[in-house]
Each structure stands twice: as structure tokens, then as C-alpha cells.
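Colleague: Whatever this is, show me its structure:
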Amino acid sequence: MRDLFKPTLKTKDQVIDLLHKAQSAKLIEAESRQMMEGVMKVADLKVRDVMISSTRMDMIDIALSFEEILNQIIDIAHSRYPVYEEDKENIIGILLAKDLLKLQRSPTLNLRALLRSVVMVPESKSLIELLKEFRVSRNHLAVVIDEFGRVVGLVTIEDVLEEIVGDIEDEFDTDEEAGDIFALVDRTYRVAGRTSLKRIAQAFELNELITQEMQSFETIAGWIAHEMGHVPVKGEFFIWNDLRFEVMHTTAGVVKWFKVRPIHNKPNSTVAVQSKVRPYVNSKP
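Modeller: Numbers count the residues shown, from 1 in each chain. Presented below is the predicted three-dimensional model:
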């Protein structure tokens, strides 16, 4: 054991090699090794390396009505949103989805009174420093700006932690028993990216359209990424037969949820979802 920890390390590669030896010697678990390697990785990363670019930011216009904001939050399902006024560069605060309950309870309350202060960080800031700032300020989201003060994206504490511990399950994730296709009241559907093509074909009565090539893909997200030639990002969509698959949510470069809308809605058309699938309530008419 003394040989294993001789103080002769000079490079990070040597440290990583040492961690692998420690795992092989059963001194640490694989998860511990991966986490320590993640910490080393984070030490070399800047905010720009993990941020969500401004073109993919979900933002709320302060001029929208309560109903419009509520519908947007239900559709997107984030917990925090930058709020802007007139121009998307003019971010005036951060809205927590849960704070809308206060507005629903007191309609006369001004939405501006619910906004939290905006934390601005430069894209060149190190992730280690950002993590310290998040911990001290108790913020979970920061707006990223470039050297000229322009908004270039946003970063969350989850983005940083995922670089250390891997993919973090959030409120948009479900286990296998919770279901994979959720019927919405506006006759659209929320479909998990991990759903098998066989399950999709059965639910939407498309069995005859499953080709031999499609059978080689395990999930709907994998097949759609293959067909599009890239992993789609939020807002992109793919048409299959008369179904429109729009990306609702992605994590770590993987599509987690699609919103599926029949292009030719039939008056009483339904999807044959299993009984374990619970409805996902949407307040849109």
C-alpha cells in the first residue's frame, strides 16, 4: 500500500492512473473514482464549456398574462426562468415556478414582486469558482455574459454538478414503473426519449411502419437522432407519418422528453396508453 501512494505524481494522468489502481486494489469504489476524476475535470473547465447557449434559453416575457406564463411553464417544466422586458438582453429577474402559486392566490400581486435577483457571471469564470459562488449565494442559476456584457447563455448548479457526479435525475425524470407516454388534455402527448419504438408503434397504431432497420434501434430518441443526423436540441422536431415529435427536454446531450402532436387530429382519436400511464395535466384549452 505504501508503494501505491508514493508522492511521485507530476501530472493529472498519473493521478488518474493512481485512482484506477486504487479501485483495482479495492481501496475505493468505482463511483468514488469517477467522482474524483470529475472534480479534476471541473478544475479545467470554464462556464462557457457547460452553459446553455442563449439561443436555447427558455425565457419569460414580463408582458405576458398570468395564463400565458403558466402555460409556458407547464409545457417547458423548468423550475427557474430568466424574465426579460421588451428585449431578451434586458433580463430583469429570475422567476421560480413555485412562486406563481402566490400570484394565483393573490391575483392583484405584481409579478415583478416575485422576481429574484439576477446573478451575472462571465463566460470565462472557472466552474470551481462558480460552484463556490452558488454555495455562498444559495443561487441555482446564473446568466452568462461575454466580455462586452451581452447575454450568451445561462448555467445552473446542476450543469456543474453533473460534470462531477454524472447525470442528475430531476423532476422531469420518471422511473420505469411511472410510465413513458403521458396523455395531455390538449390531445398531445409527452413521450420519454427512452421509449422503445415497439411501444411507440403499439401506442400510436403504427406497427406496419416499423422497418427492419428501425428494429435495430432501442429507443425513439436514438432512432430520431439517426434519422436527423444529429442529436436534436430543444425546440427541434421530427415528423413521422402524421406525428410531430418536438424535443421538450434534454439532459447531457440526450433527449429526455418529446411532445408528440398528431398533425391531422381526428375528433375522437386517442392513443392506446397502458393503464399505468398517468395523465399530465395541461391547462391549455
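Colleague: Low-confidence stretches in the protein?
Modeller: Residues of the chain that meet the criterion pLDDT under 70 lie in 1-10, 107, 166-179, 185-186, 251-253, 264-285.
Colleague: so what are the domain limits for it?
Modeller: Listed domain ranges for the chain are 12-44, 48-165, 176-262 (source: automatic domain parsing).
Colleague: Using a markdown table, lay out these together with mean neighbour count.
Modeller: The C-beta positions use only the backbone N, C-alpha and C, and glycine is treated the same way. Shown next, in a markdown table, are the domains of the chain (neighbours: other C-beta atoms under 10 Å):
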| stretch | mean neighbour count |
| --- | --- |
| domain 12-44 | 14 |
| domain 48-165 | 16 |
| domain 176-262 | 17 |
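Colleague: isn't residue 36 right next to residue 19, touching?
Modeller: Yes - counting by C-beta atoms under 8 Å, residue 19 is a contact partner of residue 36 at 5.8 Å.
Colleague: Name the residues contacting each of those two.
Modeller: Listed as contacting both residue 36 and residue 19 by C-beta atoms under 8 Å, 6 or more residues apart in numbering are residue 28.
Colleague: Am I right that residue 83 sits in a helix?
Modeller: No - assigned with DSSP: H, G, I helix; E, B strand; the rest coil, residue 83 falls outside any helix and is strand.
Colleague: Next up, the contacts around it.
Modeller: By C-beta under 8 Å, 6+ apart, residue 83 lies in contact with 59-62, 91-95, 115.
Colleague: can we see that at 7 Å?
Modeller: 60, 62, 91-95, 115 (C-beta atoms under 7 Å, 6 or more residues apart in numbering).
Colleague: try residue 53
Modeller: Counting by C-beta under 7 Å, 6+ apart, residue 53 makes contact with 152-153.
Colleague: With residue 210 instead?
Modeller: 197, 201.
Colleague: go again using 6 Å as the cut-off
Modeller: Residues in contact with residue 210 (C-beta atoms under 6 Å, 6 or more residues apart in numbering) are residue 201.
Colleague: Report the beta-bridge partners for the closest residue to residue 72 other than its chain neighbours.
Modeller: Distances taken as C-beta to C-beta, 6 or more residues apart in numbering place residue 60 nearest to residue 72, at 6.4 Å, with adjacent residues excluded. With DSSP bridges as the criterion, residue 60 is bridged to residue 83.
Colleague: What of residue 94?
Modeller: What pairs with residue 94, by the bridge criterion (DSSP bridges), is residue 82, residue 116.
Colleague: hang on, the residue nearest to residue 72 packs against residue 80?
Modeller: No - Residue 60 is beyond contact range of residue 80, at 10.3 Å (criterion: C-beta atoms under 6 Å).
Colleague: picking up where we left off before, nearest to residue 196 among the contacts of residue 83?
Modeller: Nearest to residue 196 among the contacts of residue 83 is residue 60, at 35.0 Å by C-beta to C-beta.
Colleague: Against residue 71, how distant is that closest one?
Modeller: In this view, residue 60 and residue 71 are 11 Å apart by C-beta to C-beta, to the nearest Å.
Colleague: go on, residue 13?
Modeller: 51 Å.
Colleague: and what of residue 114?
Modeller: Where residue 71 is concerned, residue 114 sits at a distance of 17 Å (C-beta to C-beta).
Colleague: for residue 242, same thing?
Modeller: For residue 242 relative to residue 71 (C-beta to C-beta), the value is 24 Å.
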